[in-house]
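Visitor: build me a structure from this.
(2 chains)
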There are 2 protein chains.
Amino acid sequence: METIKNYIQDNKDRFLDELFGLIRIPSISSIEAHKPDMVRCAEYWKQLILQAGADKCEIMPTGGNSVVYAEKIIDPSLKTVMIYGHYDVMPVDPIDLWKSQPFEPEIRDGKIWARGADDDKGQAFMHAKAFEYMVKTNQLPCNVKFMLEGEEEIGSPSLYKFCEDNKELLKADIILVSDTGMIAEDVPSITTGLRGLGYVEVKVTGPCRDLHSGLYGGAVANPINILCQMISKLADENNHVTVPDFYKEVVVVSQEERELMAQAPFDEENYKKELDIVELHGEKGYSTIERVGIRPCLDVCGIWGGYTGEGAKTVIPSTAHAKISFRLVPDQDFEVITERFCKYFESLAPKSVKVEVTPLHGGYAYVSPIDMPAYIAADKAYEKTYGKRPVPTRSGGSIPIIAGFERILGIKSILMGFGLGTDAIHSPNENYPLHQFFKGIETIPSFYEEFAKM
Amino acid sequence: METIKNYIQDNKDRFLDELFGLIRIPSISSIEAHKPDMVRCAEYWKQLILQAGADKCEIMPTGGNSVVYAEKIIDPSLKTVMIYGHYDVMPVDPIDLWKSQPFEPEIRDGKIWARGADDDKGQAFMHAKAFEYMVKTNQLPCNVKFMLEGEEEIGSPSLYKFCEDNKELLKADIILVSDTGMIAEDVPSITTGLRGLGYVEVKVTGPCRDLHSGLYGGAVANPINILCQMISKLADENNHVTVPDFYKEVVVVSQEERELMAQAPFDEENYKKELDIVELHGEKGYSTIERVGIRPCLDVCGIWGGYTGEGAKTVIPSTAHAKISFRLVPDQDFEVITERFCKYFESLAPKSVKVEVTPLHGGYAYVSPIDMPAYIAADKAYEKTYGKRPVPTRSGGSIPIIAGFERILGIKSILMGFGLGTDAIHSPNENYPLHQFFKGIETIPSFYEEFAKM
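Guide: The predicted model follows:
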C-alpha cells in the first residue's frame, strides 16, 4: 500500500504548481474591484476538487461570493467529515513592504512567499491533496464534504444564511478546519478556542469644511484631536477596556486552567525579539498567553484624517475616522458588545463635534472540548506524524463562522492548523513553510483513519 | 486724469484673463512633482510685472524655488515700497470635495473659484495691476520693488537666506503685503499681528511589522492606540496645552487691550452657523477672538496608520503617524517651543513603542504698531475707498517670513489683506469675491499716495 509520505514525494512538484495557480488569483474579498477574481478562484477550486476525486462539485450562489461545495459519499451509514476553508484573502497594502509580489508566489528559504500562502489557500489546499491521496489509493474511510467560502476575511456575511438554507446538504459529524497555527515547528498544538470579533468604523465631524489652522486654530474643535481623546478614553491605565459592561459576560477561567495554560511553552524574550519591541503591553493581571487567549481586547486597526501627504500643510480637517475592532471571548455576544461600544463612544464626544459609529461585522467566540471524539482523533494523528502529543491552545484569532456552524448546523469543528507565528498572515510578506505544508498533508489522512474508527 | 476706478472698468476682462492664466499653473510647493510648475509660474509672473512697467525683473535662484524680484526706481531719494507675495499654493486634497476643478478658475456667484484665487495669487496680482495703473498714468509717487517667493506655504525655507544674501538689493522703507483678510465685506480691517508657527511630524512604532490583531491583540502595544493616548495628553480639560513651559514667554495682553478687542464686530451665532457646529471649543478663560489672536494653540493637522481602505481589515499596524502644528504668539520662539514639544512628546511614550519627532518648519509671530507711518497711510487708503476707517485686528494665521523680514532686513511690514473668512483658503472650494479683488486694486494706489507724502 502506498504511504502518504511516498505520495507526497512523488507528487510534490505538481502540488506546488497547483497551489501556485490558486495563489496567483488575487481573490481579495474586501475590495469590490476583485469580484471577477472571486469567480475565477471558485472555478479553480472546483477543478481542483473534482480532479482530486469528488463525486460532484458545485459553485453555489449566495448573496455575496459563491460557496464551493463538493462531496464524496462512499456509504451514507459511515461518518461524514466536512472540510471548511476559504478562498478569499486579505488586502496586500502596504504593498511597498513586500519583498516579492504578493500574488506571484516564490520559494525562498524553504518557504512559500505570497498573500494566501498560509491563510487560507495553502492550508485549505492541504485538504484537497490529503483527500486526493485517500481516494486514489482507496483508503478513504468515511464520507467527505467540502465547503469553501469567499468571504471569511470580511466576516462571512453570506455563509450564515447559506448554512440556514442548506442544513440537510451540510449534515456532517465534524467540521475539519485548517485556518489556525501551531505553537512551533516542533510543538504541535490544536486550537481549542477562538475569540469572537466586533468591528466598527467611527467618524468624527467638526466644522463642515476643512479650515485654515491659523485663522481658526484654538477656537474650533479639531476632529482629529477629539477623536484621539475619545480613543484614549477607551482604556484605563491598567489597559482595561472602559466600555461599560464590556467584561460583564466574560467567562472567568479557573485558576487551575490558568496554571495549565502557563505550562505551554512560551519564550517571552524571543517573542519580543521577533517583534523588535522592548516591552509587552496588555491588560494588567494577565500573562501574554492569557491576554490573547482568554481575555477580550480593543484595537484601532486604522485611523485617518487631515493632511497625510508629503511636507507640512496646516489645516483643521472637517472629519477624522478610525476603524476599531474588539476581540471577544465566551460568553460575550458581539452584538451586545457592539451596542455598548456605540453608546459609550457616542457619549465621549463633546458637543463641539458630531459622531457616527457604523458596525461593520462581528462573530461569536468558540470553544471545543478536548474530550470530544474528533479532538482525540486529531490528537492521535498529530502524535503519529510528530512523535509527540499536541498541546491544546486557545487562539486570540477569530473565525466567527465556526461559532455559527455550531449554532446553525449543530456541528462542532476541529481546528487542525499548521501555520506558524512567523507566517505573517494579514501582513506584508505572508509565507508558509514547505515543511508545514507537507506535514499537514501527511497528518490529515491519519485524522480520518482515527475518527472513522470511533 | 484717469482714475483707478475707470482704469479697472476699462481693463477688467484682461485682468481676469491674466489672473486665470496664473491660477491655471498648479504651483503646489509641498509636492515635489510640481517643481516644473513652480518654474512656469515664476516665468509667468516675470512677464506680468515687466508688462506692468517694471524696469527690470529677474528670476533669482535660491536653495529651493526661485524668487521673482523686480523694481522700478524713479528717484533714489524717494521712498521705496517693496511688495511681498507668494506664487506657490497649498495642495488641493480632498479633491472630491471641490465643486469645480481647483486649477480651472470659474466665476460663479460673483466669486472666482480656484486654488490660489485668494491665497496668494489673487491678492498678489492686485499689486501688479495697481502698479500698472500708476506707471501707465504716470502717478507712481515712489520707488517700487517686488519680491515674490515660491515657498510660503512650506514655511519659506529659502527666503531667509535670500534676504541675508541680498540686503542691499532689498532695501525699502516698508514691505506691503496682501496675504491676509478683513473682517467683512463692509468692515475693512488691517492685520496688526500674526501668530508664529511650529510644525512637526511624529511617528510611533510598535512591532516591526503589521500584526494579525487576533493573534496579537491585547498583548502588544498598538501604535495607533498609543499615538491617540499621547495626543490626548497634549491638552488638559480646560484646553490648555500641557507641554511644559508652553506659555512661559507668552506676552500677556492688558485688560485694556482685551476690552478694545472685544469691541470688534463678531457674531458668534453666525460663526457657528457658517461652520455648522453647535458649540465652540477652545482655551478656557478666553473669547474666540482672543483664542485666535493673542493665544497660542496646538492642532493635529493630519493623522494616519493601519488600514484605511474600504471594509473591515483587522490589523495591528507597525506604525502610526501624525502632523502637529502649534500657532504661537509674541514672544514665543518657535525653536524653543518645538524643542519643548519634542522632549515632552517623547516623554509621553510608553516603553512598548519607539517615537520619532521631526520638526518640519516654523516661524516667529509678528506685531505692527498702529502709530507707524505705513499703518496711518493704509488707514487713510481704506477710509477713502470704503468710506470708513479700518479696524486693527490680530490674525490667528502665520506668515513666518514677515517676522523674518524685520529680523534680517530691519523692515516692518504692513498687511493690507482683502480676503474674507468665507474664502476657504487652504480648503476645497477656495474662492475670492470679484468685489474684493477690484476693491483691493482700487485701494492700493491710495496707500502709495499717502505713504509718499509722509
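
Visitor: hey, let's count contacts and neighbours off CA atoms from now on
Guide: Noted.

Visitor: chain B contacts on the stretch 351-454 of chain A?
Guide: A:351-353, A:360-361, A:395-398, A:424-428 (Cα under 8 Å from any Cα of the partner chain).

Visitor: mark which of those are buried, thanks.
Guide: A:352-353, A:360-361, A:395-398, A:424-428 (16 or more other Cα atoms under 10 Å in any protein chain shown).

Visitor: tell me which other helices or strands the helix or strand A:Ser325 falls within touches.
Guide: According to DSSP states H and E, A:Ser325 maps onto strand A:319-328. Identification of packing neighbours for strand A:319-328 by 3 or more Cα pairs under 8 Å, 6 or more residues apart in numbering or on different chains; DSSP states H and E yields strand A:196-205, helix A:223-232, strand A:297-306.

Visitor: could you pull up the mean pLDDT of it?
Guide: The pLDDT scores in strand A:319-328 average 97.

Visitor: which residues does that strand contact?
Guide: If you take Cα atoms under 8 Å, 6 or more residues apart in numbering or on different chains as the criterion, strand A:319-328 is touched by A:195-207, A:223-224, A:227, A:295-306, A:334, A:364-365, A:396-398, B:214, B:217, B:307-308, B:312, B:314.

Visitor: so A:Val39, which of the three states?
Guide: helix (DSSP: H, G, I helix; E, B strand; the rest coil).

Visitor: equivalent analysis for A:Ala70, please.
Guide: Classified using three-state DSSP, A:Ala70 is strand.

Visitor: residue contacts, A:Gly440?
Guide: A:123, A:126, A:418.

Visitor: and which of those residues is nearest to chain B?
Guide: Nearest to chain B out of those is A:Phe418 (Cα to the nearest Cα; 14.5 Å).

Visitor: for the closest residue to that closest one other than its chain neighbours, list each beta-bridge partner.
Guide: Of all residues not flanking A:Phe418 in the chain, A:Gly181 sits nearest, at 5.0 Å (Cα to Cα, 6 or more residues apart in numbering or on different chains). Under the criterion DSSP bridges, A:Gly181 forms beta bridges with A:Gly419.

Visitor: how many other residues sit next to A:Gly181?
Guide: 27 (other Cα atoms under 10 Å in any protein chain shown).

Visitor: dump the contacts of A:Gly440 into TSV; add pLDDT and neighbour count as well.
Guide: Below are these laid out as TSV (pLDDT from 0 to 100; neighbours: other Cα atoms under 10 Å in any protein chain shown):
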residue	pLDDT	neighbour count
A:Gln123	98	28
A:Met126	98	24
A:Phe418	97	30
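
Visitor: gap between the residue of the stretch 151-300 of chain A found nearest chain B and B:Gly110?
Guide: As assessed by Cα to the nearest Cα, chain B sits closest to A:Gly214 within the stretch 151-300 of chain A, at 3.7 Å. According to Cα to Cα, to the nearest Å, A:Gly214 and B:Gly110 sit 26 Å apart.

Visitor: neighbour-wise, which of those two wins?
Guide: A:Gly214 (29 against 12).
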